[in-house]
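**Student:** My questions concern the predicted model and sequence given below.
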Amino acid sequence: MSDSLIDLLLKGTWETIVMTFVSGFFGFLLGLPTGILLFLTRKNQILEQPILNRTVSVLVNVFRSIPFIILIVWMIPFTRAIVGTSIGVSAALVPLSIGAAPFIARLVENSLLSLPSGLIEAARALGATPLQIVYKVLLPEALPSLINAATITLITLIGYSAMGGAVGAGGLGQVGYQYGYIGYDAVTMNSVLALLVLLVFLIQFVGDALSKRFDHR
Amino acid sequence: MIELKNVTKTFHQKDRIVSALSDVSLKVPQGKVFGVIGTSGAGKSTLIRCVNLLERPTSGEIIVDGKALMWLSDSELAIERRQIGMIFQHFNLLSSRTVFENVAFPLELVGASKNEIKTRVLELLELVGLVEKANDYPASLSGGQKQRVAIARTLANNPKVLLCDEATSALDPATTRSILNLLKDINKRLNITVLLITHQMEVVKSICDEVAVISHGKLIEQGSVGEIFADPKHELTREFISSSLHIEIPSVYQEKLQKEDNGNLNPLLKLEMTGKSVNEPVISEVSRLFDTDFKIVSAQMDQAGEVNFGVMLLELSGKRENYNAAIQYFNSKHIKTEILGYV
């Protein structure tokens, strides 16, 4: 393997990691509150709001149904307005975050739904306000499953970021696409593949360990 | 201390209306333990959850410590709920927090300082006897220990009232007794008014001062535990009382039990003492008056309030010609007597 290829792979790996984690972060920034909102406004929950719940739910479903590759292209004007460019790593972060957010919102909603309803009831009986219930009961109790949700999200984002590579987003995806699709280079191709697999395994391993660490059930 | 006036609760299920509570009124005086007993689905859970408005009644008034809760705003209600403790059948502890942190939870809600929290939590853990478990997670505790943590947690804000939602239903009999003793102790020592719901007559018998029987969302009977046990008006009440007393003929007796007396067998008597029975040492009286002897085969006697009640199996011997007179004497003292056979 030549030095230039190693450099290329290292750069690609770094870019993939940056895209995955940064967009994962922003995805959670948007998705976590949305998921909490979806949960709290459900029927029989503490902030029951059927109309708001249905509106947010429809919005989430719309964004989840757009294929990611279409989302990237569709969002180009918006991306340009936010980061000033529509190619490269920073440009990929915008659609990645927006693409991940509704997915995260649903995962968060499901995590909260799986908590025993008695916990909220007990907290209400002890005089907790809705805000206190969220940050003192729901989030800490759901933490192990929220970590699992983050793991799933990050792994999904690795896949999405590779798709982004096809439209000039950088990262391992672009390396694989360029060197594989245009003039099949088996060494580069397989190295990219191995690195992607390794990343996924690492994230899954760390995620599982963290989730277990915080699970006291 | 707690007053419910004409509380009604209906649920809308698909296209029909289910009435969970209809026109329920009750009054729990300060410092008393009040029990509501009913079978599952009778509405007792809805009833207790209406008291702190976890469930909002469709109509009626709820007054706790002089405050009409129905008219409070959400934030006023949250503050008022801190005066109303509650424990649950499934404990509802936070699994992500240690025992210490669980008890600290309500104190954090009111913004107590770290030092205040530490002193108060240790004091409460002392009260429920779990100081050495302070740093354990609930998952490693037994059911009884979890309920003790829940009790400590709910006492943290010094509530005036304690609501118990089937608090012992998930516990074994020995643990049930120890939790009931703790509740009684808290009631006496801290002068906290207790409202509990249960389907176990044992619970009512052992700690309640007053009891109400609920059936199909209505209170069908209420009064002091002594009164109810002494003179149950309703069939369901009678069933609850007799379900807490059961007696069987031991198998040795069962085998040699004869239907007819052949002239030298002893009658096997079943005596039922209810609240109406005279509170006197009747058996030794009968023994003396009619020259008869009693062998106690099996007995289950209990005390509810001032009332002594129970069932007893006796083998009667002695002067045969006085047997009938003896039985009549028992009956005259309101002890229901039945000859089960001869042994």
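**Tutor:** Looks like it arrived, so ask away.
**Student:** What residues does chain A have near chain B?
**Tutor:** Counting by C-beta under 8 Å from any C-beta of the partner chain, chain A comes close to chain B at A:116, A:118-119, A:121-129, A:132, A:136-137, A:140-141, A:143, A:214, A:216-217. No exception for glycine: its C-beta is placed from N, CA and C like everyone else's.
**Student:** The residue lying farthest from the centre of chain B and chain A: what is the separation?
**Tutor:** Using C-alpha atoms, centre = their mean, the residue of chain B lying farthest from its centre is B:Gly263. It sits 46.5 Å away. For B:Gly263, the distance to chain A equals 65 Å [C-beta to the nearest C-beta, to the nearest Å].
**Student:** so that residue, which of the three states?
**Tutor:** Three-state call for B:Gly263 (DSSP: H, G, I helix; E, B strand; the rest coil): coil.
**Student:** in the stretch 151-300 of chain B, which spans are strands?
**Tutor:** Along the stretch 151-300 of chain B, the segments classed as strands by DSSP state E, counting those that start in this stretch run B:161-165, B:193-198, B:210-215, B:218-224, B:267-273, B:292-304.
**Student:** Show me what from the stretch 51-200 of chain B comes close to chain A.
**Tutor:** The stretch 51-200 of chain B comes close to chain A at residues B:52, B:54, B:75, B:78-82, B:84-86, B:88, B:90, B:92-97, B:105-106, B:108-110, B:137-139, B:150, B:153-154, B:157, B:163, as judged by C-beta under 8 Å from any C-beta.
**Student:** Sitting in strands, which of those do you find?
**Tutor:** Here DSSP state E is the test, and those give B:Ile84, B:Gly85, B:Met86, B:Phe88, B:Leu163 as lying in strands.
**Student:** show me what contacts the fourth one?
**Tutor:** For B:Phe88, the contacting residues are A:Gly118, A:Glu121, A:Ala122, B:Ala150, B:Asp165, B:Glu166, B:Ala167, taking C-beta atoms under 8 Å, 6 or more residues apart in numbering or on different chains as the criterion.
**Student:** same question, the third one
**Tutor:** Applying C-beta under 8 Å, 6+ apart, one finds that B:Met86 lies in contact with A:Ala122, A:Ala125, A:Leu126, B:Asn52, B:Thr154, B:Leu162, B:Leu163, B:Cys164, B:Asp165.
**Student:** Likewise for the last one?
**Tutor:** Taking C-beta under 8 Å, 6+ apart as the contact definition, B:Leu163 lies against A:Ala125, B:Ile48, B:Val51, B:Asn52, B:Ile84, B:Gly85, B:Met86, B:Ile87, B:Val194, B:Leu195, B:Leu196.
**Student:** what do you get for B:Ala326?
**Tutor:** B:Val286, B:Leu289, B:Phe290, B:Thr292, B:Leu316.
**Student:** do you know how far the residue farthest from the centre of chain B is from B:Ile327?
**Tutor:** To B:Ile327, B:Gly263 is 18 Å away according to C-beta to C-beta, to the nearest Å.
**Student:** what do you get for B:Leu162?
**Tutor:** From B:Leu162 across to B:Ile327, the span is 47 Å (C-beta to C-beta).
**Student:** where do the helices sit along chain A?
**Tutor:** A:3-40, A:50-65, A:68-74, A:76-83, A:89-113, A:117-125, A:130-132, A:139-165, A:171-176, A:186-213 (DSSP state H).
**Student:** now those helices as JSON lines including mean pLDDT, distance to B:Ser178 and mean neighbour count?
**Tutor:** Output for those, formatted as JSON lines (pLDDT from 0 to 100; distance: least, C-beta to C-beta, whole Å; neighbours: other C-beta atoms under 10 Å in any protein chain shown):
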{"stretch": "helix A:3-40", "mean pLDDT": "94", "distance to B:Ser178": "38", "mean neighbour count": "19"}
{"stretch": "helix A:50-65", "mean pLDDT": "95", "distance to B:Ser178": "45", "mean neighbour count": "13"}
{"stretch": "helix A:68-74", "mean pLDDT": "89", "distance to B:Ser178": "59", "mean neighbour count": "16"}
{"stretch": "helix A:76-83", "mean pLDDT": "91", "distance to B:Ser178": "63", "mean neighbour count": "14"}
{"stretch": "helix A:89-113", "mean pLDDT": "94", "distance to B:Ser178": "35", "mean neighbour count": "23"}
{"stretch": "helix A:117-125", "mean pLDDT": "94", "distance to B:Ser178": "22", "mean neighbour count": "21"}
{"stretch": "helix A:130-132", "mean pLDDT": "94", "distance to B:Ser178": "32", "mean neighbour count": "14"}
{"stretch": "helix A:139-165", "mean pLDDT": "93", "distance to B:Ser178": "28", "mean neighbour count": "21"}
{"stretch": "helix A:171-176", "mean pLDDT": "87", "distance to B:Ser178": "62", "mean neighbour count": "26"}
{"stretch": "helix A:186-213", "mean pLDDT": "93", "distance to B:Ser178": "34", "mean neighbour count": "15"}
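**Student:** residues near B:Glu338, how many?
**Tutor:** Taking other C-beta atoms under 10 Å in any protein chain shown as the criterion, the count of residues near B:Glu338 is 10.
**Student:** residues in contact with it?
**Tutor:** Contact analysis of B:Glu338 by C-beta under 8 Å, 6+ apart lists B:Leu269, B:Lys270, B:Glu272.
**Student:** May I have whichever strand or helix holds it as PDB, with CA atoms only?
**Tutor:** Taking DSSP states H and E as the criterion, B:Glu338 maps to strand B:335-342. Provided in PDB are the C-alpha atoms of strand B:335-342 (Å, rounded to 0.1, in the frame of the first residue of the first chain):
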ATOM      1  CA  ILE B 335     -72.100 -17.500  69.300                       C
ATOM      2  CA  LYS B 336     -73.300 -19.400  66.300                       C
ATOM      3  CA  THR B 337     -72.900 -23.100  67.100                       C
ATOM      4  CA  GLU B 338     -73.000 -26.000  64.700                       C
ATOM      5  CA  ILE B 339     -72.500 -29.700  65.300                       C
ATOM      6  CA  LEU B 340     -70.200 -30.900  62.400                       C
ATOM      7  CA  GLY B 341     -70.400 -34.500  63.400                       C
ATOM      8  CA  TYR B 342     -69.300 -37.000  66.100                       C
END
